[in-house]
Each structure stands twice: as structure tokens, then as C-alpha cells.
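Q: Okay, sequence plus prediction incoming.
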Amino acid sequence: MTSGKVVPATEKAETGERFDELVGAFTQLRDPETIAAFLKDICTGAELDAMGQRLQVARLVNEGITYQEISRRTGASTATVTRVAQWLHHGEGGYQAVLKKGRK
């Protein structure tokens, strides 16, 4: 019997499968209300807050605001600001895609 905890993936392939399933679930959703409901169902409040904060940080980094000012405005640590900036500039392009769509 399990304790209700998520069993961590034991292999990188298993993590990849979980990720692919999650991406597939998001691609099936179209309207903002359904996406919001799904996010609230699968994430804790703290996880949602952290992801929202990272998006705020990415927007401000993209605007050229200093890391210290971003930290002051968002409450994110300068380490978080630095990590988000690294992914914004050298990641998979997800932040850039979202920020670009927000400008239209």
C-alpha cells in the first residue's frame, strides 16, 4: 500500500514520459477557464505562486530592469532572478514565446 506520496521517477525516461503526458494535457485545453482549473487541480498554491513570480521576473528582465530592482518589486531572491534570466536568454525559448505573445 502506498502512503499517498508521488513516487519519484527512477529513470530519466520515466520523467520524460510524465513530462510528455503533462504537455499533452495542456495542448488539449483551449479556454483560459479550463486551463486555470487544471493548473489549480495539479499545483499547490505555492507552486502556482512560484511560477507566476518567475513569469513576472522574466518580463522585468526582458525590459532590462536591474536584478536588484526586480527582486525588490517581485520578492524573488536575486538567485531566482539570475536563474530566470539564464533560462530567458539561454533556455528552450518558452519564456520568449510567452513574452512575445503578450506583446501582441
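A: Happy to help now that I have it. Residues are numbered from 1 along each chain as shown.

Q: Is the most centrally placed residue in the chain within a helix or a strand, and which one?
A: Central residue of the chain (CA atoms, centre = their mean): residue 51, 4.3 Å from the mean position. In the assignment (DSSP states H and E), residue 51 maps to helix 45-62.

Q: Kindly state the pLDDT recorded for the residue nearest to the centre of the chain?
A: Note on residue 51: pLDDT of 97.

Q: residues contacting it?
A: Neighbouring residues of residue 51 by CB atoms under 8 Å, 6 or more residues apart in numbering: residue 43. Just so you know, the C-beta spots here come from the backbone N, C-alpha and C atoms, and that holds for glycine as well.

Q: where does this structure dip in pLDDT?
A: 1-9, 103-104 (pLDDT under 70).

Q: if we go to 50?
A: Within the chain, the stretches with pLDDT under 50 are 1.

Q: picking up where we left off before, C-alpha coordinates for the next helix or strand after the helix holding residue 51, CSV please?
A: Moving toward the C-terminus from helix 45-62, the next helix or strand (DSSP H and E) is helix 67-74. What follows is helix 67-74, C-alpha atoms only, in CSV (Å, rounded to 0.1, in the frame of the first residue of the first chain):
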residue,chain,number,x,y,z
TYR,A,67,18.2,42.4,-10.8
GLN,A,68,18.1,44.2,-7.5
GLU,A,69,15.0,46.2,-8.6
ILE,A,70,13.3,43.0,-9.9
SER,A,71,14.0,41.4,-6.5
ARG,A,72,12.5,44.4,-4.7
ARG,A,73,9.4,44.5,-6.9
THR,A,74,8.6,40.8,-7.0
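
Q: buried residues in helix 67-74?
A: 67, 70, 71, 74 (16 or more other CB atoms under 10 Å).
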